[in-house]
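In: with the input below, show me the fold.
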Amino acid sequence: MIALRGGNKLRWHIDYLRQITTAWALWFYTGGERMEHHWAASLNRMYEVSGAIHNFGSSDCACATHLFYSPNGPTLNRFKQQLELDGLSASVNELVCQQ
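Out: Next comes the predicted model:
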C-alpha cells in the first residue's frame, strides 16, 4: 500500500509502473508464507495471462517474470481457481482502488 501513495522517490517496481498506468485492484494474502513465487507460477499457467516483461521483478529467483498482462482480467475467482488447481491456498483478498 505504501508504494501506491505516491511521492517522488522511485524505489520499487510498482513506483515505475505508477508513472504509466493506474492500479484498479490489488490482490493480497495475509498468511505467513510468502506467496510471490507461487502466484507467479500460477499466473504463468493461466491461458488468459501472459508474461509482460521477461525477468521483471524476478532477478533474484527462478521465475520467468513477476509482471503479467491480460487484456480482460483475469478475475479474482479465476485466479483462485488456478491456485486450487495448483494445490495452493486460495485465501486471496481483493482491494478495489478508487479511480
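In: so, low pLDDT: which residues of the chain?
Out: Applying pLDDT under 70 to the chain flags the ranges 1-8, 98-99.
In: now the strands for it?
Out: Using DSSP state E, the strands of the chain run over 25-28, 50-51, 68-69, 93-96.
In: which one of those lies nearest to L43?
Out: Within those, the stretch nearest L43 is strand 68-69; the backing value is 4.8 Å (CB to CB). Every C-beta, even on glycine, is put in place using the N, C-alpha and C of the backbone.
In: run through who's touching the closest one.
Out: A40, L43, N44, V49, S50, G51, A52 (CB atoms under 8 Å, 6 or more residues apart in numbering).
In: tell me the bridge partners for the fifth one.
Out: For S50, the beta-bridge assignment (DSSP bridges) gives partners Y69.
In: give me the distance between it and F68.
Out: Applying CB to CB, to the nearest Å, the value for S50 to F68 is 7 Å.
In: and E36, what does it touch?
Out: H66.
In: re the thing from before, which two among the contacts of strand 68-69 are spaced furthest apart?
Out: Within the contacts of strand 68-69, A40 and S50 form the most distant pair, 12.6 Å apart (CB to CB).
In: on that earlier part again, S50 and F68: which is more packed in?
Out: F68 (19 against 13; other CB atoms under 10 Å).
In: mind checking how far that one is from P74?
Out: Taken as CB to CB, the span from F68 to P74 is 9 Å.
In: mutual contacts of these two, please.
Out: In contact with both F68 and P74: V49, using CB under 8 Å, 6+ apart.
In: can you give me the helices for the protein?
Out: 13-17, 36-45, 76-85 (DSSP state H).
In: among those, which comes closest to Y29?
Out: Comparing the helices of the chain by their distance to Y29 (CB to CB), the top pick is helix 36-45, with 8.0 Å.
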